[in-house]
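**Student:** Following is a predicted model, sequence given first.
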Amino acid sequence: MKNLTVGFVGFGEVNTPREIIERKCGSARAVLAGLGVNLLVTPPVSDDPAGNDVRRAIADLSAKRMDVLVVCIAGWIPSHAVISVISEFKHLPMVLWGLAGYYEGNRLITTADQAGTTALRKTMADLGYRFAYVFDYPGKPSRVEAVKDFLLAVSASRTLQRAKVGMMGYRDMNLYATLCDGVSLKKALGVEIEVFEMLEMVQRAECVAAADVKAVVEKVRREWKFEAPAEPETLEKSARYYLALKTIIEERRFDAVSLIDVDGMKKLLQLPPAMILMLIANELNLPTTPENDTLGSVTQLIVRALTGQAAPYFEFYEFMEDRLLVGVPDYVPAAVVDGDMLVRPTRFGSFSEGVLNVSKVKTGPVTLSRLLQHGHGYAIHSVTGTAVAPRAWEEAGWQQPAPQLPGLEIILDTPVEDFAENVACQHYILSYGDTTKELKAFCRLNQFKFI
């Protein structure tokens with residue numbers, strides 16, 4: 001958030017002792033500055049009859065471009081004074097932050113902060129402001145973390161406004177759940193979906209230097225642990241296509257990539273793309289998904305921007321009474337591997353040999369999330385739980401002895417039936433820890449429904 005410029009304006013009624021309002025607003029500014037953001041500050045505003053404070057605040061806050069405005073209510077204030085200031089910046093996201101009283105001995109001293117915020121909350125919502133409502137408790141530490149969640153959502157949304165997803169091919173396997181409406185997505189988040197043909201990768205691969213291919217193969221052999229030797233052709237072909245995609249990614253500045261998998265790489269090129277996707281994820285630090293999962297890729301960008309994590313995709317294999325079995329039939333990024341980066345050359349059904357990741361996955365508290373179209377807008381569906389190492393399992397169809405795919409059993413914090421009622425796709429994005437607060441703030445900012 002260090003690149004955010006946060007405007008700060010405090011409010012307190014003209015008859016409230018000025019020194020109290022200034023002291024409370026000063027304390028709030030100090031904790032806000034502790035978040036590392038750039039502050040643009042104006043002195044507290046009162047409802048002075050001449051309107052001098054309002055005009056001064058507007059002038060101060062207009063002096064520099066802001067990303068978000070914190071509206072700090074330090075005491076009762078007639079709503080018109082607040083609206084007169086913030087209406088000049090209605091295009092910005094805002095935080096309506098009500099401060100709180102304090103104790104002198106056993107006596108609570110209040111300036112009726114929440115009288116001010118409760119007079120404003122519905123009014124601001126009815127007027128169409130995009131804002132978070134935060135309030136402190138008397139005698140307790142400031143709830144600046146709730147403000148931080150919203151500022152983080154603002155920062156993430158700014159990142160998404162400039163983001164571009166590279167989509168090699170379109171609608172793998174004619175799936176529906178991985179499709180998206182590019183125009184509504186652009187309108188909602190600013191994300192650009194750029195489709196390119198698999199033929200471009202193939203043509204560029206023909207120009208990749210043999211020495212560069214050799215260097216990638218040697219690095220893979222050195223850093224990954226192979227359960228059995230892979231065919232040299234499989235490694236070299238995968239490395240060559242990775243290097244071809246690397247040039248496309250860097251030229252077009254993609255922030256995430258998805259590849260046509262079953263109907264493209266496997267069917268037409270006879271090469272499962274797991275090794276290619278691992279290289280993109282690990283060497284270029286890009287989120288990746290197979291099967292042209294557009295909204296999966298965008299969910300990865302959201303989760304990454306909010307948490308800084310790798311945001312791998314997982315898909316559902318089984319629903320159980322209290323948990324989900326999730327796994328991937330190809331790869332996980334190195335960032336979520338527990339132990340060695342373990343790989344195995346193998347094949348599934350009639351597909352050709354590919355290098356399959358069979359690593360163990362880190363466990364612990366997790367959140368599964370998915371961006372989805374909802375009515376005329378968007379929503380994020382999310383669930384929390386505890387990921388544990390899975391029991392012995394295999395997916396039918398793999399070459400015997402069948403690999404145990406990278407997977408987790410996720411013991412949900414809510415009933416499995418409740419999650420299943422809203423599940424939106426076979427792919428969900430995993431983050432470690434409970435990231436619900438951050439996702440809710442992101443939804444509030446972008447006027448998405450949180451499910």
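**Tutor:** Structure's in. What do you need?

**Student:** Okay, the closest residue to W76 other than its chain neighbours and L99: tell me how far apart.
**Tutor:** In space, and not counting its chain neighbours, W76 is closest to A112: 4.0 Å by CB to CB, 6 or more residues apart in numbering. To be clear about C-beta, it is placed using only N, CA and C from the backbone, and glycine gets the same treatment. Note on A112: its distance to L99, by CB to CB, to the nearest Å, is 11 Å.

**Student:** any residues in contact with both of these two?
**Tutor:** G75 (CB atoms under 8 Å, 6 or more residues apart in numbering).

**Student:** more neighbours, these two?
**Tutor:** L99 (28 against 18; other CB atoms under 10 Å).

**Student:** Quick check, pLDDT for the more buried one.
**Tutor:** Here the pLDDT value assigned to L99 is 96.

**Student:** residues touching it, list them.
**Tutor:** K24, C25, A28, C72, I73, A74, G75, D113, D136, S142.

**Student:** Now render these as JSON lines, adding pLDDT and neighbour count.
**Tutor:** Converted to JSON lines, these look like this (pLDDT from 0 to 100; neighbours: other CB atoms under 10 Å):
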{"residue": "K24", "pLDDT": "96", "neighbour count": "25"}
{"residue": "C25", "pLDDT": "96", "neighbour count": "24"}
{"residue": "A28", "pLDDT": "95", "neighbour count": "22"}
{"residue": "C72", "pLDDT": "97", "neighbour count": "26"}
{"residue": "I73", "pLDDT": "97", "neighbour count": "28"}
{"residue": "A74", "pLDDT": "96", "neighbour count": "27"}
{"residue": "G75", "pLDDT": "95", "neighbour count": "27"}
{"residue": "D113", "pLDDT": "95", "neighbour count": "25"}
{"residue": "D136", "pLDDT": "96", "neighbour count": "20"}
{"residue": "S142", "pLDDT": "92", "neighbour count": "19"}
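
**Student:** so for stretch 160-178, what's the average pLDDT?
**Tutor:** Stretch 160-178 comes out with an average pLDDT of 94.

**Student:** Stretch 406-414 now?
**Tutor:** 97.

**Student:** same thing with stretch 211-219?
**Tutor:** 97.

**Student:** go on, stretch 355-366?
**Tutor:** Rounded mean pLDDT across stretch 355-366 is 96.

**Student:** Now the terminal residues of it, how far apart.
**Tutor:** 27 Å (CA to CA, to the nearest Å).

**Student:** Report the buried residues of it.
**Tutor:** Neighbour-count burial for stretch 355-366, counted by 16 or more other CB atoms under 10 Å, picks out V355, L356, N357, V358, S359, K360, V361, K362, T363, V366.

**Student:** quick one: terminal-to-terminal distance for stretch 444-451?
**Tutor:** 12 Å.

**Student:** hang on, V71 in a strand?
**Tutor:** Yes. Judged by DSSP: H, G, I helix; E, B strand; the rest coil, V71 forms part of a strand.

**Student:** okay, now it: neighbour count?
**Tutor:** Neighbour count for V71, taken as other CB under 10 Å: 25.
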